[in-house]
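Undergrad: just coords:
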Ligand SMILES: Nc1ncnc2c1ncn2[C@@H]1O[C@H](COP(=O)(O)OP(=O)(O)OP(=O)(O)O)[C@@H](O)[C@H]1O
């Protein structure tokens with residue numbers, strides 16, 4: 001059993017404090033959903049967990065199984081089993097997608113880079129078929145001419161191939177067609193069923209068709225303001241953040 005804990009995290013970007021003390025946790029096999037209005041800080045949290053140096057940690061900590069990882073380089077966090085899929089993934093057209101997949105597996109195993117192994121490729125092809133990705137993507141550069149939906153599917157494919165301790169996905173359901181949402185939703189369920197801890201952000205209740213969240217957090221202005229179960233997602237879908245926040249304020 002593994003645990004990823006975010007403790008009272010304060011993060012600044014470009015000198016401006018965006019996260020103002022965020023605390024949350026994810027354990028193996030859990031599916032934790034993070035919601036929040038546009039600009040509330042969800043992607044900032046994910047970037048900080050990934051170790052993007054542009055996101056300056058002012059205070060608080062990120063712990064993996066009780067040990068701080070806040071001073072580790074992004075590749076060290078990855079090697080320890082934390083995979084982060086971004087909202088707008090970065091294209092690296094000069095690196096073939098098949099090579100990236102093999103490189104990820106090698107880095108995690110502490111091995112030198114090698115050419116793609118046929119068994120890894122065969123497994124990746126199988127996952128691509130399940131995710132509705134054309135097999136030709138493996139011979140293309142990472143993200144080279146990928147559509148938005150292909151990018152999202154390709155990230156989920158990486159997570160499935162790696163089966164890491166923790167999978168963090170920023171709006172994995174955005175920009176996907178109906179079949180893509182179903183494929184990604186099923187993949188997320190499979191990841192948690194196989195023991196990965198999943199933390200994902202979304203704006204929509206449609207994910208509930210495929211995943212059963214263990215816990216839901218809502219962020220507003222850089223803070224976690226609500227925590228509960230999937231009923232929070234349904235309520236937000238129904239009345240929106242503004243009315244929901246007002247309703248809660250009146251109840252207090
Ligand atoms: N690199 C950056 N430079 C300047 N400001 C940034 C940067 N990254 C994030 N911000 C600011 O931090 C705030 C939080 O942004 P963030 O992307 O984390 O929100 P979000 O909750 O993921 O939003 P969305 O739902 O729209 O994706 C925003 O006001 C944004 O403009």
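TA: That came in fine, so what should we check first? Fair warning: this is a prediction, and the values are worked out from it, not measured in the lab.
Undergrad: skipping adjacent residues, who's closest to residue 228 in space?
TA: residue 216 (5.7 Å; C-beta to C-beta, 6 or more residues apart in numbering). Every residue, glycine included, has its C-beta placed from N, CA and C.
Undergrad: and the one you found, how many neighbours?
TA: 21 (other C-beta atoms under 10 Å).
Undergrad: that one reaches residue 233, doesn't it?
TA: Yes: here residue 216 reaches residue 233: they are 5.9 Å apart, a contact under C-beta atoms under 8 Å.
Undergrad: all strands for the stretch 101-250 of the chain, in order.
TA: Here the stretch 101-250 of the chain has its strands, by DSSP state E, counting those that start in this stretch, at 141-142, 166-170, 197-201, 215-220, 223-228.
Undergrad: residues from this structure in reach of the ligand?
TA: Residues of the chain lying near the ligand by C-beta under 6 Å from any ligand atom: 13-14, 18, 36, 38-44, 54, 87.
Undergrad: in strands only, show me those.
TA: Among the residues of the chain next to the ligand, the members found in strands (DSSP state E) are 13, 18.
Undergrad: pLDDT, neighbour count and distance to residue 202 added to the residues of the chain next to the ligand, as a markdown table?
TA: Converted to a markdown table, the residues of the chain next to the ligand look like this (pLDDT from 0 to 100; neighbours: other C-beta atoms under 10 Å; distance: C-beta to C-beta, whole Å):
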| residue | pLDDT | neighbour count | distance to residue 202 |
| --- | --- | --- | --- |
| 13 | 96 | 16 | 22 |
| 14 | 92 | 8 | 26 |
| 18 | 98 | 23 | 20 |
| 36 | 97 | 23 | 10 |
| 38 | 96 | 7 | 13 |
| 39 | 96 | 12 | 16 |
| 40 | 97 | 23 | 13 |
| 41 | 97 | 25 | 15 |
| 42 | 97 | 24 | 9 |
| 43 | 96 | 17 | 12 |
| 44 | 97 | 22 | 16 |
| 54 | 96 | 10 | 24 |
| 87 | 78 | 16 | 11 |
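Undergrad: just the residues of the chain next to the ligand: which are in helices?
TA: Applying DSSP state H to those, the entries found in helices are 42-44.
Undergrad: which of the residues you listed lies closest to residue 120?
TA: residue 43 (29.9 Å; C-beta to C-beta).
Undergrad: tell me how many other residues crowd residue 130.
TA: Counted with other C-beta under 10 Å, residue 130 comes out at 16.
Undergrad: report the contact partners of the spatially most central residue of the chain.
TA: The centre of the chain sits closest to residue 169, judged by C-alpha atoms, centre = their mean, with a distance of 1.7 Å. By C-beta atoms under 8 Å, 6 or more residues apart in numbering, the contact set of residue 169 is 84-85, 155-156, 159, 188, 198-201.
Undergrad: tell me how many other residues surround residue 8.
TA: For residue 8, using other C-beta under 10 Å, the count is 12.
Undergrad: please report how far it lies from the ligand.
TA: Applying C-beta to the nearest ligand atom, to the nearest Å, the value for residue 8 to the ligand is 17 Å.
Undergrad: next: residue 216.
TA: With C-beta to the nearest ligand atom as the criterion, residue 216 and the ligand are 15 Å apart.
Undergrad: which residues does that residue bridge with?
TA: Residues in a beta bridge with residue 216, per DSSP bridges, are residue 33, residue 228.
Undergrad: show the pLDDT at it.
TA: Residue 216 is assigned a pLDDT of 97 by the prediction.
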